[in-house]
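**Student:** Predicted structure and sequence below. I'll ask about it afterward.
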Amino acid sequence: MFKKALLATILTVTTVITTPHVAIAKTTHTYRREFAICYDVSIKDNIAYLATGDGNMWMIECDDADIGDIYRITFDTHNTKSVKDDSIVCIKYINTIDNVGGVL
């Protein structure tokens, strides 16, 4: 009797542990990349203000950003055409430009 109860418990625990891995459906993500230029910095709040080429403005928490820094931002599009629901998944520093006043 004890062996049957132990076997039933082990099978139940094994089923519970392995079921979520089987039940999770694979989803595909679509990503887009944009370049952005830092146009303002709030040193007090550790916030950098970025402008992307499509005209959108972004605020990111960054303690070492400078005006003129160039970033490549990767967005998860959530498989929609609208950019309003996109979320940032990666920000990579690329380089800096010197005369940002003439660009923005």
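**Tutor:** Done, it's in.
**Student:** The residue nearest to His78 when sequence neighbours are not counted: neighbour count?
**Tutor:** Nearest residue to His78, sequence neighbours excluded (C-beta to C-beta, 6 or more residues apart in numbering): Asp85, at 5.4 Å. No exception for glycine: its C-beta is placed from N, CA and C like everyone else's. Counted by other C-beta atoms under 10 Å, the residues lying close to Asp85 total 12.
**Student:** same check, this time on Cys38
**Tutor:** Cys38: 24 surrounding residues under other C-beta under 10 Å.
**Student:** is it in a bridge, and if so with what?
**Tutor:** Judged by DSSP bridges, the bridge partners of Cys38 are Leu50.
**Student:** what's the spacing between the residue nearest to His78 and Asp40?
**Tutor:** Look at Asp85 and Asp40: by C-beta to C-beta, to the nearest Å, they are 25 Å apart.
**Student:** can you map out the helices along the chain?
**Tutor:** Using DSSP state H, the helices of the chain run over residues 2-23.
**Student:** What ranges does it have for its strands?
**Tutor:** Listed in chain order, the strands of the chain (DSSP state E) span 31-42, 47-52, 57-61, 69-76, 87-96.
**Student:** Return the set of buried residues in the shortest one.
**Tutor:** Residues of strand 57-61 classed as buried under the neighbour-count rule (16 or more other C-beta atoms under 10 Å) are Trp58, Ile60.
**Student:** That one - what's its average pLDDT?
**Tutor:** The pLDDT scores in strand 57-61 average 91.
**Student:** which helices and strands does that strand pack with?
**Tutor:** Packing partners of strand 57-61 (3 or more C-beta pairs under 8 Å, 6 or more residues apart in numbering; DSSP states H and E): strand 47-52, strand 87-96.
**Student:** quick one: low-confidence ranges for the protein?
**Tutor:** Confidence mapping of the chain against pLDDT under 70 gives the ranges 1-27, 99-104.
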